[in-house]
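A.B. asks: what follows is a protein structure lacking sequence information:
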């Protein structure tokens, strides 16, 4: 048994090493790679991806899993070996259903599509991407069809990102949230908006970066096991438990851009840094789902990083860093500026109240595309119509409309967006659980102390990696299922103080 | 035939993609990786190396090469396909002789040995590395024994780095050079040494980096196909023809450190940037040998970058960058400072005249270790004795003695050093050929114009990659075999003007 487990681990480790190499090639591609490196890099990534896929579907893994199943069946559900065998089997059974040729087509097409999109977006050239999007949709459907028996064609795609979720359950959840959220958003955006001109002064890049890094170091992000670099589209990435990096972008005329992206990505990265090192090299060694991952980034970015107690501590510090810009700006003005609610075009810049409206319309459009009730050629118009309807603002161009997010242009249609809103919902549920366990957390935030919160998250969430599914984890941590009430209460409490609701 | 050639290319491409990924993992390891990433990185590199080796010795490659041999035999020697099949066969026949288990042992041992050395060197702890060195020697011998029939046990190791070279030929070449060079070095070091205090002032890092980059851009190093980053031990590395990077280190109290390392590595990198892009992904797509590679780095670093005409153009520019430091320093003083000859301990800091003495003693010690005429435990003492004898200086510690170079501690004993001196010899031979073809080159250097020289090197050397062996290339380019006379003439001419010879 030990021998078979060791062989399984060795095979999983090899796959993980290939995937880690791919992750580094991707990181380099978006941070330091000179333009001339692009064509070869796409090919190198395709090769590594193909090799990892070949290794992942090796029948020897299936035989090892079968041989180990009786051992796993005799273990408690939460035993590490039981979890390893369970999660490895889930991955194996998924991947073996997808023909290698389809995977290769995906790699080739998504690289080409991404390249076209990077040029088309600045040029506002939606026509250039539509044929690629058409093919992406076709491949996404073929992918879904590798998993027959689904209730909705998006189910397999959603399941890949947020295991256990289905189109139907997400739709119901989003409908419930939307019914409560839309009136709040509309009530606020009808009122005069906050003055955020204090954020629009000139803030030198290096001071912005240093200040963000000071905060995340205090949060608990470990720079001996990570680093921050600049990129165009911020992300967190992992090469091992000991090397989890984040990226950010800086706008010298917008103080919020780099700061909150740094806090957000550090949330993702602390989750990955906190996984039990014993899981290294196995499928247990990463966050359990897109939704839970996003809950960690949003918790640190918003529930901590845009909270009043947090800024009671940090505002004098940021004033000291930018004295000319902030000396005469009261804390209250700054706090309202970083929490300004407004009808806006760009998801990643959206405030906490309207953010989920951006997400939900994308989720609906993905489903409509997959179902065939929306044709790709009609997508740009449908996008604009939903922005008018849901956010009361019509995109003046496609650049800041349907072309704004990379997701559909760099990979799959389906399963890409629901995790953002699930993450928001869970961020409040988890934060409430943390404060219930440690009522001192609020006072600690106001002193710039994060060890209790970080330690609790580490113990309750981070260390488990993918050992538990989203719903298992939510049940263990909060004592109940996923629910939108804590999130709505949080928004009502916070924004009820800033606006008339 | 076309189909078989296409399959061969696809297989070689896959190997190249894995090797390129390894190169990036190495680059990252020595530039940006946080300390926590080290253990996993060593494992990832071992996995990629093992997979590349497995793919390289796949019998399918042997069958394809056999099937393609009649086609190759019908082609002119210098036809690209003939060269591809020839060079691929050479690599295949070499690698298939080495058991995969020995390769795996090498990867594991060299990573461990390197780690021990990085700690042992600052601690001056030669005792810590000796057991590792003992095992490296044992593995190096096992490696050589995969190639029975050698005249000297170092031959297979030398052949890997400098194809076609043998211990006997290198020994004879070095003896000839040494007989001429040692008296010159001794004559010069007996005279009062140049005053290089002008280089030992404070020069801010960013200005140093920018100035070096200005020069190599003028040389012809293409920053859209490369970049420069900081590291501990400068090197050039290639991920594709379109992405060839260099690294450097900066000492703010030593103007020569970063500057000449940048020029040196740019020489390596321009060679790789200049390979025919049609060779991408094949074994033709890199410099042909360690010696020829070094000839390109030394040509730009020394024959161009430490020459009088070059500084006639650039000295006013560097004075403008560092006015406080250099305003009152005459060009002649600066020129003598950057060409100061002295008895010194560190190979990489050595001047042009004494440099080869450092190399030749290492070559002799390698051979003695492999032959068994020198025991590993006696190496530190033998090192010091040779420094006293050859350079008239005894290392005060092992840190700046036997522990100074990574080569023996990170890989093989044998074949690591001869390329440096062969490169010096060839740099002068090639430079003479360039000036014979284009007598205007000297005048152009004095105007900061490098296009003729760079174009000639590209046409004569760079573009061929590994198509021709060292001796074939030297014959084609210079019309004769490798010879030390141009190099000696160069040194006598240049240093005869600075010192009494």
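C.D. replies: It's in. This is a predicted model, so every value here is computed, not measured. Numbering: from 1, shown residues only, chains lettered A, B, ... in the order given.

A.B. asks: count the residues that sit near the residue lying closest to residue A:225 once chain neighbours are set aside.
C.D. replies: Leaving aside its sequence neighbours, residue A:225 sits nearest to residue B:36 (C-beta to C-beta, 6 or more residues apart in numbering or on different chains; 3.4 Å). Every C-beta, even on glycine, is put in place using the N, C-alpha and C of the backbone. A count of nearby residues for residue B:36, using other C-beta atoms under 10 Å in any protein chain shown, gives 21.

A.B. asks: ok, residue A:445 to chain B distance?
C.D. replies: Per C-beta to the nearest C-beta, to the nearest Å, residue A:445 is found 27 Å from chain B.

A.B. asks: tell me the contacts of that residue?
C.D. replies: Neighbour list for residue A:445: A:304, A:307, A:309, A:310, A:313, A:453 [criterion: C-beta atoms under 8 Å, 6 or more residues apart in numbering or on different chains].

A.B. asks: how about 10 Å then?
C.D. replies: Residues near residue A:445 by C-beta atoms under 10 Å, 6 or more residues apart in numbering or on different chains: A:303-305, A:307-314, A:435, A:452-453.

A.B. asks: elements contacting the biggest helix by length in chain A?
C.D. replies: Secondary structure of chain A per DSSP state H: the longest helix is helix A:2-31. Applying 3 or more C-beta pairs under 10 Å, 6 or more residues apart in numbering or on different chains; DSSP states H and E, one finds that helix A:2-31 contacts helix A:38-56, helix A:59-73, helix A:80-96, strand A:228-230, strand A:236-240, strand A:243-248, helix B:2-31, helix B:38-56.

A.B. asks: in the stretch 251-400 of chain A, which spans are helices?
C.D. replies: Along the stretch 251-400 of chain A, counting by DSSP state H, counting those that start in this stretch, helices occupy A:255-273, A:290-298, A:308-321, A:323-326, A:331-338, A:355-371, A:379-386.

A.B. asks: does the first one come close to chain B?
C.D. replies: Same thing as helix A:255-273. Yes. Judged by C-beta under 10 Å from any C-beta of the partner chain, helix A:255-273 comes into contact with chain B at residue A:273.

A.B. asks: hmm, back to that, which one of the helices and strands packed on helix A:2-31 lies nearest to residue B:490?
C.D. replies: Between residue B:490 and these, the tightest spacing by C-beta to C-beta is seen for helix B:2-31, at 32.9 Å.

A.B. asks: what average pLDDT does the closest one get?
C.D. replies: For helix B:2-31, mean pLDDT is 97.

A.B. asks: could you chop chain A up by domain?
C.D. replies: A:2-96, A:167-498 (automatic domain parsing).

A.B. asks: for these, which one sits closest to residue B:95?
C.D. replies: Of all the domains of chain A, domain A:2-96 sits nearest to residue B:95, with 18.7 Å by C-beta to C-beta.

A.B. asks: any idea how far apart the tips of the closest one sit?
C.D. replies: Domain A:2-96 stretches 25 Å from its first residue to its last (C-alpha to C-alpha, to the nearest Å).

A.B. asks: any chance of the helices and strands packed on helix A:2-31 in TSV, with distance to residue B:125 too?
C.D. replies: What follows is those, written out as TSV (distance: least, C-beta to C-beta, whole Å):
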stretch	distance to residue B:125
helix A:38-56	38
helix A:59-73	44
helix A:80-96	39
strand A:228-230	35
strand A:236-240	28
strand A:243-248	28
helix B:2-31	22
helix B:38-56	19
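
A.B. asks: relative to residue B:282, which of those is closest?
C.D. replies: Closest approach to residue B:282 among the helices and strands packed on helix A:2-31 is made by helix B:2-31 (5.0 Å; C-beta to C-beta).

A.B. asks: with distance to residue B:347 added, can I get the domains of chain A in TSV?
C.D. replies: Listed next are the domains of chain A as TSV, based on distance: least, C-beta to C-beta, whole Å:
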stretch	distance to residue B:347
domain A:2-96	30
domain A:167-498	32
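
A.B. asks: now do the same for residue A:410: its pLDDT.
C.D. replies: In this model, residue A:410 is scored at 85, pLDDT.

A.B. asks: ok so, going back, can I get the helices of the stretch 251-400 of chain A in JSON lines with mean pLDDT and mean neighbour count?
C.D. replies: Below are the helices of the stretch 251-400 of chain A laid out as JSON lines (pLDDT from 0 to 100; neighbours: other C-beta atoms under 10 Å in any protein chain shown):
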{"stretch": "helix A:255-273", "mean pLDDT": "98", "mean neighbour count": "25"}
{"stretch": "helix A:290-298", "mean pLDDT": "98", "mean neighbour count": "26"}
{"stretch": "helix A:308-321", "mean pLDDT": "98", "mean neighbour count": "16"}
{"stretch": "helix A:323-326", "mean pLDDT": "98", "mean neighbour count": "14"}
{"stretch": "helix A:331-338", "mean pLDDT": "98", "mean neighbour count": "17"}
{"stretch": "helix A:355-371", "mean pLDDT": "97", "mean neighbour count": "22"}
{"stretch": "helix A:379-386", "mean pLDDT": "97", "mean neighbour count": "17"}
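
A.B. asks: give me the nearest residue to the residue sitting nearest the centre point of chain A, chain neighbours excluded.
C.D. replies: In chain A, the residue lying closest to the centroid (C-alpha atoms, centre = their mean) is residue A:294, at 4.4 Å. Spatial nearest neighbour of residue A:294, excluding adjacent residues (C-beta to C-beta, 6+ apart): residue A:423 at 2.3 Å.

A.B. asks: roughly how far apart are the closest residue to residue A:98 other than its chain neighbours and residue A:106?
C.D. replies: Nearest residue to residue A:98, sequence neighbours excluded (C-beta to C-beta, 6+ apart): residue A:146, at 5.0 Å. Separation of residue A:146 from residue A:106 (C-beta to C-beta, to the nearest Å) stands at 12 Å.

A.B. asks: buried set for stretch A:177-193?
C.D. replies: Neighbour-count burial for stretch A:177-193 flags A:177, A:178, A:181, A:182, A:184, A:185, A:186, A:188, A:189 (criterion: 16 or more other C-beta atoms under 10 Å in any protein chain shown).

A.B. asks: what comes into contact with it?
C.D. replies: By C-beta under 10 Å, 6+ apart, the residues outside stretch A:177-193 that reach it are A:174, A:194, A:336, A:340-344, A:351, A:353-357, A:359-361, A:364, A:390-393, A:421-422, A:424-425, A:484-485, A:487-488, A:491-492, A:495-496, A:498-501.

A.B. asks: could you flag which of those are buried?
C.D. replies: Among those, the ones that count as buried by 16+ other C-beta under 10 Å are A:174, A:194, A:336, A:340-344, A:351, A:353-357, A:359-361, A:364, A:390-391, A:421-422, A:424-425, A:484, A:487-488, A:491, A:495, A:498-499.

A.B. asks: rewinding a little: list residues touching both of residue A:146 and residue A:106?
C.D. replies: Common contacts of residue A:146 and residue A:106 (C-beta under 10 Å, 6+ apart): residue A:98.

A.B. asks: more neighbours: these two, which one.
C.D. replies: Comparing residue A:146 with residue A:106 by other C-beta under 10 Å, the one with more neighbours is residue A:106, at 21 against 14.

A.B. asks: can you tell me the closest non-neighbouring residue to that one?
C.D. replies: Setting aside the residues directly before and after it, residue A:106 is nearest to residue A:139 in space (C-beta to C-beta, 6+ apart), at 5.9 Å.

A.B. asks: one more: residue A:196?
C.D. replies: Closest to residue A:196 by C-beta to C-beta, 6+ apart is residue A:337, at 3.8 Å.

A.B. asks: what's the lowest-mean-pLDDT helix or strand in chain A packed up against?
C.D. replies: Across the helices and strands of chain A, the lowest-confidence element by mean pLDDT, DSSP states H and E is helix A:100-123, at a mean of 90. With contacts defined as 3+ C-beta pairs under 10 Å, 6+ apart, helix A:100-123 has these neighbours: helix A:38-56, helix A:126-145, helix A:407-410.

A.B. asks: buried set for that helix?
C.D. replies: By neighbour count with 16+ other C-beta under 10 Å, helix A:100-123 contains the buried residues A:103, A:105-107, A:109-111, A:113, A:115-117, A:120-121.

A.B. asks: tell me what angle it forms with helix A:126-145.
C.D. replies: Between helix A:100-123 and helix A:126-145, the angle comes out at 150 degrees (axes from the mean of the first three to the mean of the last three C-alpha atoms, to 10 degrees).

A.B. asks: good, we can wrap up now.
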